[in-house]
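Student: Predicted model and sequence follow; I will ask about them next.
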Amino acid sequence: MSSNSIDNSNVGNEDVEKQISKALTTLTEQELTLKELQKYLKEEEENIHKRKLHFETKLNEIKKIKVKQERLFTDISNNNNFPKEVKLLQKNNKIIHLNISGTIFTTTFETLTKESEFFKELLSDALEDNSNEEKAYFIDRTGFYFNIILCYLRGIPSFEARLRSLMKADLEDLVDDIIYYKINSNIYKYLPTYGIEYLKKQYNINATNNAVTFANNGMNATLFENNCKVIKTKGLSAWNCAVTVNNTKCQHYKVKIHSDQGGYIGFTSSKFYNPNGQNSGYYLDVYNKLFLSPNENNGVVPSTTTFLTVGTIVEVIYNKEAGTISYSFNGGDWIIAFKEVKEEEEIIPCIELHNVGASFELLDIYSVNTSFPMMNLLPPPPLKPTLY
């Protein structure tokens, strides 16, 4: 046998051994992988079993809760062994329907009774009466006024704006309904001044409101009579004393002149308002009977309106949409004093007091619907608000 044949045979054996070794290594790796897979599957089986036990436990808890609920509902139906707290909660959340002269209102027992003795009496049997869940209690009053009262009972922030936008006759009717429904006296503080006066005149009820007040943080003015009156007490004769109202969002207010010492009534920029200095703005000059503005759009107060004496009532309204500021004297016709009022900054009510002794009384402030049309260049009085 030649040496070449022996060499080839050795080479072949080595290849076979390598292949066998490789196959054994692969088999060993696969065995390890299989063991890992078996271990993983066992762990997963254990996890599934644990989750199954957890699910079964929760399911049992849900079944127990369901049984309790069924018993509770049975107690509610039978009204037996029912906790007082739960009964009260059920009563407060009970839906109540009211028919106010044909207008249907839907609210809760709690909303109606928390500040009304009238509804506490009317609905005293509301929980026991389950004969007709759609029953509507009929009340022979006006739905328009009850809607405003319901806004108050619900705590809706727009209640005060709706209240203050009412004309005098409507406000008197609303006060009548407040008395009829026996609403808690807390509501009185939101009434405009003539609402407070009507309470006193018609029902002999003394009340005060906290909305119609001056805001004073200056050094030359003194507020008195529940912050409804202001007088300049120092600072000599100079434009170094000004006041605004607490509700700076007000665009319509009414004041009474209490002295002949001069002053301005109108609006100024909120950004530059200074209670100890002169404030540029749109004003009625009470002493000189002039309309003054920062853009020299000035004019003389018509002589046919008033002499602007002590006791004169001045009403001023800023119509932001129309860009006008108008005045009325002693309840007379409206006069547009300024047009094209375009302020980049918000403008706020402002009264400037010049001489020591100058004094004004804030009679009322109003919310105003600025979308009213301009007819004959005279803005109408505030409209009834849109109710929802």
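Tutor: Sure thing, it's come through. Numbers count the residues shown, from 1 in each chain.
Student: mind listing the helices for this protein?
Tutor: Listed in chain order, the helices found in the chain under DSSP state H are 3-78, 84-92, 109-113, 117-122, 143-154, 159-164, 168-180, 193-203.
Student: I'd like to know which of those lies nearest to residue 100.
Tutor: helix 143-154 (4.2 Å; Cβ to Cβ). Bear in mind the C-beta positions are built from the backbone N, C-alpha and C, glycine included.
Student: Summarise which helices and strands that closest one is packed against.
Tutor: In terms of contacts (3 or more Cβ pairs under 8 Å, 6 or more residues apart in numbering; DSSP states H and E), helix 143-154 is packed against strand 95-100, strand 103-108, helix 109-113, helix 159-164, helix 168-180.
Student: mind putting those in JSON lines, mean neighbour count included?
Tutor: Output for the helices and strands packed on helix 143-154, formatted as JSON lines (neighbours: other Cβ atoms under 10 Å):
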{"stretch": "strand 95-100", "mean neighbour count": "17"}
{"stretch": "strand 103-108", "mean neighbour count": "13"}
{"stretch": "helix 109-113", "mean neighbour count": "19"}
{"stretch": "helix 159-164", "mean neighbour count": "20"}
{"stretch": "helix 168-180", "mean neighbour count": "17"}
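Student: Least reliable of the ones you listed by average pLDDT, please.
Tutor: Of all the helices and strands packed on helix 143-154, mean pLDDT reaches its minimum on helix 159-164 (a mean of 78).
Student: chain center to it, what's the gap?
Tutor: Chain-centre distance of helix 159-164: 11 Å, with Cα atoms, centre = their mean, to the nearest Å.
Student: same deal with stretch 266-286?
Tutor: Relative to its parent chain, stretch 266-286 has a centroid offset of 29 Å by Cα atoms, centre = their mean.
Student: what's the answer for stretch 160-178, then?
Tutor: Relative to the centre of its chain, stretch 160-178 is centred 19 Å away, using Cα atoms, centre = their mean.
Student: How about stretch 240-247?
Tutor: Centre-to-centre, stretch 240-247 and its host chain are 25 Å apart (Cα atoms, centre = their mean).
Student: Just the terminal-to-terminal distance for that stretch.
Tutor: End-to-end distance of stretch 240-247 (Cα to Cα, to the nearest Å): 22 Å.
Student: quick revisit: least reliable of the helices of the chain by average pLDDT, please.
Tutor: Of all the helices of the chain, mean pLDDT reaches its minimum on helix 84-92 (a mean of 56).
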